[in-house]
Each structure stands twice: as C-alpha cells, then as structure tokens.
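Peer 1: Sequence and computational prediction follow.
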Amino acid sequence: MILDAIIPGIPVYVEITLITFILSLLLFVVNKKLVNQDRLAQIRAEIKQYQDNMKAAQKEGNQEKVKNLEVEQQKMMGLTKEMMSMTTKPMLYTTIPFLGIYWYLGSIYGTAGIVITLPVVGGLTWVGWYIITAVLFGIISEYAYQHYRKRKKAKSA
C-alpha cells in the first residue's frame, strides 16, 4: 500500500514490518540520545543493591539493619523519581508525532483486515502485527545495545 509504488506486490505484513523497524529504530535512537545511559545504569545499580541488602537483612531477621535500610528508603524513592523523569523525557518528544503516524497508518491499513495469520495467535490486523514486531525489534535493539556497551566498556578497561 505505502511501498507498492517502490516495490510492487509487496505483502502488507512486510510493509508493516519495515515501517515498524524504522519507527522502532527512531524511538530507540531518541531514547538513547535523550537519556543519560550511564546515570540510568548507576541509578538502577544503586536501587538493585538496596533491594538486595533489604532482602538479605529481612532474611537474616536483622531488625537493626532493616531499620537502617528503611532510612535509606527516602533516597531510593528520590532515585526512582529521577529514573522515572529521565525515562519519560523522550515521550515528550515522540508522543504527538507518533500519534500522527499511527493515525496515518490506520487510515491506510485500517481496511486491510487480517494481514498475517500466525499459528499461535491466529489472524492479526495491522495493529496486532505492528505491536508484535515492535516488541521484537525493541528487545533485539536493547540486547544489541547492551552487548555493544559491554564490549565498549571492556575495551576501555
């Protein structure tokens, strides 16, 4: 439908897959550019350390340690708030444009009906196929990025 002029006879699900890949890549880049990844990793590590310490203290039954850790809970809440504000910042830039893109895609593919049939889930409209491929591309891109960061960190060490 959109790409028919460029590639005649292309199946609708392939078009949606390509569009999803482009939009997912765009979102990924915006997220990585607008969020300080090092600070985000640091916050996550601190919160995880706190949670591990709290679990260990509760498991041991060490009430004094639990009380000391409860004092740190305010700091952890502040870190959680900082992390939330960091991760929602990209949404401020992408929500309105992406709503427009989805509206446009809906106007084109809304009448396409079932675009692909999968064994487990059955027939999917363009929205269902978009969601499945967007989740897959998100997982793959995040995995590749984390792998890249680990290799980059290992080279610099």
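Peer 2: Now that the structure is in, tell me what you want to look at. Numbering: from 1, shown residues only.
Peer 1: Go through the host helix or strand of F21 and flag the buried ones.
Peer 2: For F21, the enclosing helix or strand under DSSP states H and E is helix 12-34. Residues of helix 12-34 classed as buried: 12-13, 15-17, 19-21, 23-24, 27-28, 30-31 (neighbour count, 16 or more other Cβ atoms under 10 Å). For every residue, glycine as well, the C-beta is placed using N, CA and C.
Peer 1: Out of those residues, flag the one nearest to L105.
Peer 2: I19 (6.9 Å; Cβ to Cβ).
Peer 1: That closest one reaches M1, doesn't it?
Peer 2: No. Using Cβ atoms under 8 Å, I19 makes no contact with M1, being 10.3 Å away.
Peer 1: give the contact list for the residue most central in space within the chain.
Peer 2: For the chain, G138 is the residue whose C-alpha lies nearest the centre (Cα atoms, centre = their mean; 5.7 Å). Counting by Cβ atoms under 8 Å, 6 or more residues apart in numbering, G138 touches 24, 28.
Peer 1: gap between the helix or strand where it lies and the chain center?
Peer 2: Using DSSP H and E, G138 falls within helix 126-156. Centroid separation for helix 126-156 versus its chain: 8 Å, with Cα atoms, centre = their mean, to the nearest Å.
Peer 1: Show me what counts as buried in it.
Peer 2: Here helix 126-156 shows 126, 128-130, 132-134, 137, 141 as buried, counting by 16+ other Cβ under 10 Å.
Peer 1: Looking at those residues, spot the one nearest S85.
Peer 2: For these, the nearest to S85 is S141 (22.8 Å; Cβ to Cβ).
Peer 1: roughly how far apart are the closest one and T20?
Peer 2: 12 Å (Cβ to Cβ, to the nearest Å).
Peer 1: Now do stretch 116-129, average pLDDT.
Peer 2: What stretch 116-129 shows for mean pLDDT is 92.
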